[in-house]
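Chemist: What follows is a predicted protein model with its sequence.
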Amino acid sequence: MLFMLIVKASKNSEADQLPGPELMEAMTKYNEELVKAGVRVMAKGLYPSSNGIRISFPNPGERPVVTEGPFTESQDLIAGFILIDVKSREDAIEWTMRMPDPQGHGEGQIELRQVF
């Protein structure tokens, strides 16, 4: 079963501030554990929304609207993701619970979603 651990953006990630060395080390260790267990398919961080482009479809049948970042709705933004292949939903939750706070400073939030 494929699951995506969606790491939500924070003020720091949107300001293009990388985590400190301790958090980077903890995240590296976590990713190594995923690889060693054979469950990690892919893991990537994303540039801040200031580098993003949003395509929206507000009016059916009309041309889409292109909006360049940054985007201010930080609760809706994504800073990165990890794709894992596990045996069950419970395994996915367990692996997600093991991830260090991905933003540090108590700002981290992860959304876990199953992939079709």
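Modeler: Yes, it's here.
Chemist: Residue 48 is in contact with residue 16, correct?
Modeler: Yes: in this structure, residue 16 is within contact of residue 48 by Cβ atoms under 8 Å, at 5.0 Å. No exception for glycine: its C-beta is placed from N, CA and C like everyone else's.
Chemist: Between the two, point out the one with more neighbours.
Modeler: More neighbours surround residue 48 than the other of residue 16 and residue 48, with 18 against 10 (other Cβ atoms under 10 Å).
Chemist: quick one: contacts for the more buried one?
Modeler: For residue 48, the contacting residues are 9, 13, 14, 15, 16, 69, 70, by Cβ atoms under 8 Å, 6 or more residues apart in numbering.
Chemist: how about the strands in this protein?
Modeler: 2-8, 40-45, 53-56, 65-68, 78-85, 110-114 (DSSP state E).
Chemist: tell me which residues of the fourth one are tucked away?
Modeler: Residues of strand 65-68 classed as buried: none (neighbour count, 16 or more other Cβ atoms under 10 Å).
Chemist: Grab the CA positions of that strand and hand them over as PDB.
Modeler: Taking Å, rounded to 0.1, in the frame of the first residue of the first chain, the C-alpha atoms of strand 65-68 are listed here in PDB:
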ATOM      1  CA  VAL A  65      -5.600  31.300 -14.400                       C
ATOM      2  CA  VAL A  66      -1.800  31.400 -13.700                       C
ATOM      3  CA  THR A  67      -0.700  32.800 -10.400                       C
ATOM      4  CA  GLU A  68       2.900  33.100  -9.400                       C
END
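Chemist: which parts of the lowest-mean-pLDDT helix or strand in the chain are buried?
Modeler: Lowest on mean pLDDT, DSSP states H and E among the helices and strands of the chain sits helix 11-14, with a mean of 87. By 16+ other Cβ under 10 Å, the buried positions in helix 11-14 come out as 12, 13, 14.
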